[in-house]
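Q: A predicted structure for the sequence below; I have some questions about it.
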Amino acid sequence: MTNQKDDLLLAEKFFNHDLNNKQNIRDGFREAINMRQDGEYAQNNEKTHEYARKAWQAQKEIEQLEKEAEEILESDEQMDIDLEECIEFELDQLQSSIQHYGKEVETNYNAEDTTVQTHRTFEDMIYNLFDNSIEHGCGDIEITLDEYSEGLELDVEDGSQTDFDSILPGTLERKDYNGTGTYLIDQVLHRTEMELEDTEGGYRLKMPRT
């Protein structure tokens, strides 16, 4: 069972824009209430109560987003994903980051059947993995999709010496989950038969066919 802080981190991943808006609304009304209580409008309880109701409503909507995010992660729903299409889509989403960090990205597709059945959050995990490679990798990035005896494997060479035993500790206490996206990566791996391992210059994700 995750705690409220962990639910909020997950909600930020799935509902980032909506969640930020609602948090800003809630915090804005709370600040307005404090200003009214301390200022010349302190006696206008009707307006203060209106702001309190709006702040409360925004908080309830935030909690609903957190609940929806937890349900997404806890769901056993599986879906067929074409890895080639997934890779291209996530890289397209990351184009501004790729340009910002001045990275070159090369893709190689060596598998005949690039479809895998996996958890519905898989695409978000791929996004987070690529995002970390772009931001924290030590060079250009080469992505290779191959077949192995049990399914598909994704090799990402980014010049890094990543220790996934430390970056994915299997605990919800990690302080930098929100910045690195490793919370989602960790949880998806725990709910699937996929394996993530270090390589000499990057990492390899193995995805057994079911």
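A: Happy to help now that I have it.
Q: show me where pLDDT drops low in this protein?
A: Counting by pLDDT under 70, the chain has low-confidence residues at 1-21, 36-44, 65, 69, 72-73, 76, 161-184, 210.
Q: Show me how far the longest helix anywhere in it is from its chain's centre.
A: Longest helix in the chain, counting residues (DSSP state H): helix 45-74. Mean C-alpha position of helix 45-74 versus that of the full chain (Cα atoms, centre = their mean, to the nearest Å) differs by 22 Å.
Q: which residues in this structure form helices?
A: Counting by DSSP H, the helices of the chain are 4-14, 16-38, 45-74, 83-93, 95-100, 122-136, 164-167, 177-180, 182-190.
Q: how many other residues sit next to the residue nearest to Met125 when sequence neighbours are not counted?
A: Leaving aside its chain neighbours, Met125 sits nearest to Val188 (4.5 Å; criterion: Cβ to Cβ, 6 or more residues apart in numbering). For every residue, glycine as well, the C-beta is placed using N, CA and C. Per other Cβ atoms under 10 Å, the neighbour tally for Val188 reads 22.
Q: same check, this time on Leu154
A: 22.
Q: same check, this time on Lys206
A: Neighbourhood size, Lys206 [other Cβ under 10 Å]: 16.
Q: Now for it: which residues touch it?
A: For Lys206, the contact set (Cβ atoms under 8 Å, 6 or more residues apart in numbering) comprises 148, 150-153, 194-197.
Q: Make JSON lines out of those residues and add neighbour count and distance to Val105.
A: JSON lines is the format used below for the contacts of Lys206 (neighbours: other Cβ atoms under 10 Å; distance: Cβ to Cβ, whole Å):
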{"residue": "Tyr148", "neighbour count": "12", "distance to Val105": "23"}
{"residue": "Glu150", "neighbour count": "12", "distance to Val105": "27"}
{"residue": "Gly151", "neighbour count": "18", "distance to Val105": "24"}
{"residue": "Leu152", "neighbour count": "20", "distance to Val105": "19"}
{"residue": "Glu153", "neighbour count": "20", "distance to Val105": "18"}
{"residue": "Met194", "neighbour count": "21", "distance to Val105": "22"}
{"residue": "Glu195", "neighbour count": "14", "distance to Val105": "23"}
{"residue": "Leu196", "neighbour count": "19", "distance to Val105": "20"}
{"residue": "Glu197", "neighbour count": "12", "distance to Val105": "21"}
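Q: Looking at these, spot the one nearest Ile33.
A: Nearest to Ile33 out of the contacts of Lys206 is Leu196 (Cβ to Cβ; 46.4 Å).
Q: hang on, isn't the closest one packed against Asp186?
A: No. Using Cβ atoms under 8 Å, Leu196 is not in contact with Asp186, being 9.4 Å away.
Q: re earlier: pretty sure the residue nearest to Met125 sits against Arg120.
A: No. In this structure Val188 lies outside contact range of Arg120 using Cβ under 8 Å: 9.5 Å.
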